[in-house]
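Visitor: Starting from these lines, generate the structure:
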Amino acid sequence: MNPIKPEEVVLGQYDGYKDDPTVPDDSNTPTFASVVLRVHNERWEGISFLHMTVSVHITVEMDILEILALCVFFSIQRAFSQP
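Guide: Numbering: from 1, shown residues only. Predicted structure coming up:
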């Protein structure tokens, strides 16, 4: 696997996370993350893998598709904004 580039890693926090009374107002805890991975071998050369993970606090009402859309948006924006 090729080294992970910092500009291809995205950490974020979904809207509404701090609305939970158990979460401090100044929290910067990531609630989703994504990273672009590249396997360096003949079979997978030139293929990028986008890995995403999402953590949702059960007391927050949010559509999972909205969370995934945010992950994809920020991942694509970050991954492809570099020349």
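Visitor: Measure how buried Tyr42 is and give me the count.
Guide: Wrong residue type there; residue 42 is Glu, not Tyr. Residues lying near Glu42 (other C-beta atoms under 10 Å) number 5. In short, each C-beta sits where N, CA and C put it, glycine included.
Visitor: now swap in Asn28 and tell me
Guide: Asn28: 8 neighbours (other C-beta under 10 Å).
Visitor: got a list of what it touches?
Guide: Gln13 (C-beta atoms under 8 Å, 6 or more residues apart in numbering).
Visitor: My reading is that it lies in a helix. Confirm?
Guide: No. Using DSSP: H, G, I helix; E, B strand; the rest coil, the assignment for Asn28 is coil, not a helix.
Visitor: Quickly note the distance from it to Tyr17.
Guide: 10 Å (C-beta to C-beta, to the nearest Å).
Visitor: What segments of this protein are helices?
Guide: Counting by DSSP state H, one finds helices in the chain at the ranges 64-80.
Visitor: Please, where are all the strands along it?
Guide: 9-12, 32-38, 48-54 (DSSP state E).
Visitor: Send over the first one as CSV, restricted to the C-alpha atoms.
Guide: Right, strand 9-12. Extracted in CSV, the C-alpha atoms of strand 9-12 (Å, rounded to 0.1, in the frame of the first residue of the first chain):
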residue,chain,number,x,y,z
VAL,A,9,-7.7,12.3,4.8
VAL,A,10,-10.9,14.1,5.9
LEU,A,11,-12.2,14.3,9.4
GLY,A,12,-15.5,16.1,10.2
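Visitor: Would you enumerate the residues in contact with Asn2?
Guide: Leu37, Arg38, Val39, His40.
Visitor: Same check on Asp25?
Guide: Lys18.
Visitor: Quick check: pLDDT value at it.
Guide: Listed pLDDT for Asp25 reads 92.
Visitor: roughly how far apart are it and Asp19?
Guide: Distance from Asp25 to Asp19, by C-beta to C-beta: 10 Å.
Visitor: I'm done for today, thanks for sticking with me.
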